[in-house]
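Chemist: Predicted structure and sequence below. I'll ask about it afterward.
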Amino acid sequence: MCDASLGRLLDFMDGHDMWADTMLIINTDHGFLLGERGWWAKSVMPWFNELVRLPFFLWDPRTGEQGTRCGALAQTIDIAPTLLRFFGLEPTPDVQGRDLAELIGGDQVPGGQRPPREGGLFGAHGGHVNVTDGRYVYMRAPAEASNAPLDEHTLMPAHMRSRFGAGELADWEAAEPFSFTKGLRTLRIPASGARSNPWLHGTLLFDLATDPGQLRPLQDDDVELHMLRLLARLMHENDAPPGQFQRLGIPFSGEVGPENLLVRAQADRAAATAEPLPPLAELPAADLLLEPLARLLQDPRAHAVVERHVPELTRTELLTLPPTLGV
């Protein structure tokens, strides 16, 4: 479907002679696991490359670059400044993305051939904090099983599928403004629980040059220390709050050192969690796993188990979920 629809778009641009003055960007927000490593979809597992190494095609009439591949790190935050500059507008000073024409345009655009970014952060709230330099991918898990401290900062107290409850709002505090909140203070609310706890998966390090499928976690203290220092620096540049450094076991002030490494310390747990599940027929109470979630939550005993292991499923408005959805 995507190929066919993209072909219609390219044919339309051919037919209307649009290539000389029309930018085309092909991108997506995230990938989707289709059974790789035994996982389906996204969010609860580590953010492997199938989820974060996105399709990214760019036609920019300013440079006319075509039929080439650029190996520089790019992120979706680069789309906004690229579009703004294309229309003759300057990004505001707090924009961290960059005009991609600067990477591929050489002397054809102002500021062309700037050095590529050294690294990129990625992840999700409460999950691993990840960084890549293009070769290595470092997935930092929390230092403790509690995955704490973890706060939500917002001016709109609502989760994705439900409103904040009275109990959640009881302990809110006014946080100091972040560099990106235009001087506004936010509500700082203790998080009621992340979608999953990355502590179970452990801290992971992959070398994409020798292991592009991310199947063999690497244990290399020198590489981990380099990537951890890069991660800490980028967290500071992105104004991450002190609680995030505490959650990950990283000093907020001062230099990150060998004493802050976690790959080796968490390797056994990471390997155990990565073991594939047995066949469904061999799991205890397999019939309950196939029971629709809405019906399962009506049983107080089952509700307590789901609440303990997958709390988000008990705190969301189920109207948006299919009625046959199981655990």
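Modeler: Thanks, I have the structure now.
Chemist: if I pick the closest residue in space to Met227 that isn't next to it in sequence, what's in contact with it?
Modeler: Nearest non-adjacent residue to Met227, counting by CB to CB, 6 or more residues apart in numbering: Tyr138, 3.7 Å away. No exception for glycine: its C-beta is placed from N, CA and C like everyone else's. Residues in contact with Tyr138 (CB atoms under 8 Å, 6 or more residues apart in numbering) are 130-132, 203-205, 224, 227-228, 230-231.
Chemist: From those, which land in helices?
Modeler: With DSSP state H as the criterion, helices contain 224, 227-228, 230-231 from among these.
Chemist: Quick one: those as a markdown table, columns for pLDDT too.
Modeler: Converted to a markdown table, the ones in helices among the contacts of Tyr138 look like this (pLDDT from 0 to 100):
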| residue | pLDDT |
| --- | --- |
| Glu224 | 98 |
| Met227 | 98 |
| Leu228 | 98 |
| Leu230 | 98 |
| Leu231 | 98 |
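Chemist: Which one of those residues is nearest to Asn197?
Modeler: Leu231 (19.2 Å; CB to CB).
Chemist: Give me the nearest residue to that closest one, chain neighbours excluded.
Modeler: Nearest non-adjacent residue to Leu231, counting by CB to CB, 6+ apart: Val131, 4.1 Å away.
Chemist: so that neighbour makes contact with Ala232?
Modeler: No - using CB atoms under 8 Å, Val131 is not in contact with Ala232; the gap is 9.2 Å.
Chemist: how many neighbours does the residue nearest to Leu231 have?
Modeler: 25 (other CB atoms under 10 Å).
Chemist: same check, this time on Arg295
Modeler: With other CB under 10 Å as criterion, Arg295 counts 12.
Chemist: so it sits in a strand?
Modeler: No - Arg295: not assigned to a strand; according to DSSP: H, G, I helix; E, B strand; the rest coil it is helix.
Chemist: pLDDT weak spots in the stretch 51-200 of the chain?
Modeler: Applying pLDDT under 70 to the stretch 51-200 of the chain flags residues 105-114, 193-195.
Chemist: Not counting sequence-adjacent ones, nearest residue to the residue most central in space within the chain?
Modeler: Centroid-nearest residue in the chain, with CA atoms, centre = their mean: Gly123, separated by 2.3 Å. Excluding the flanking residues, the one nearest Gly123 by CB to CB, 6+ apart is Asn130, at 4.8 Å.
Chemist: before we move on, what about Pro217?
Modeler: Nearest non-adjacent residue to Pro217 (CB to CB, 6+ apart): Leu204, at 5.0 Å.
Chemist: With Thr28 instead?
Modeler: Leaving aside its chain neighbours, Thr28 sits nearest to Leu54 (5.4 Å; criterion: CB to CB, 6+ apart).
Chemist: check contacts around that neighbour.
Modeler: The contact partners of Leu54, taken as CB under 8 Å, 6+ apart, are 27-31, 76.
Chemist: Does Pro251 touch His236 like I think?
Modeler: No - contact criterion CB under 8 Å: Pro251 and His236 do not qualify, at 11.2 Å.
Chemist: Just the buried subset of the contacts of Leu54, please.
Modeler: Gly31 (16 or more other CB atoms under 10 Å).
Chemist: And the contacts of Leu54, which two are furthest apart?
Modeler: Gly31 and Thr76 (12.5 Å).
Chemist: ranges for the strands of this protein?
Modeler: For the chain, strands defined by DSSP state E occupy the ranges 24-26, 33-34, 40-41, 57-59, 120-123, 129-132, 136-140, 151-154, 173-174, 187-190, 204-207.
Chemist: And the second one, how far out from the chain middle?
Modeler: With CA atoms, centre = their mean, to the nearest Å as the basis, strand 33-34 stands 16 Å off its chain's centre.
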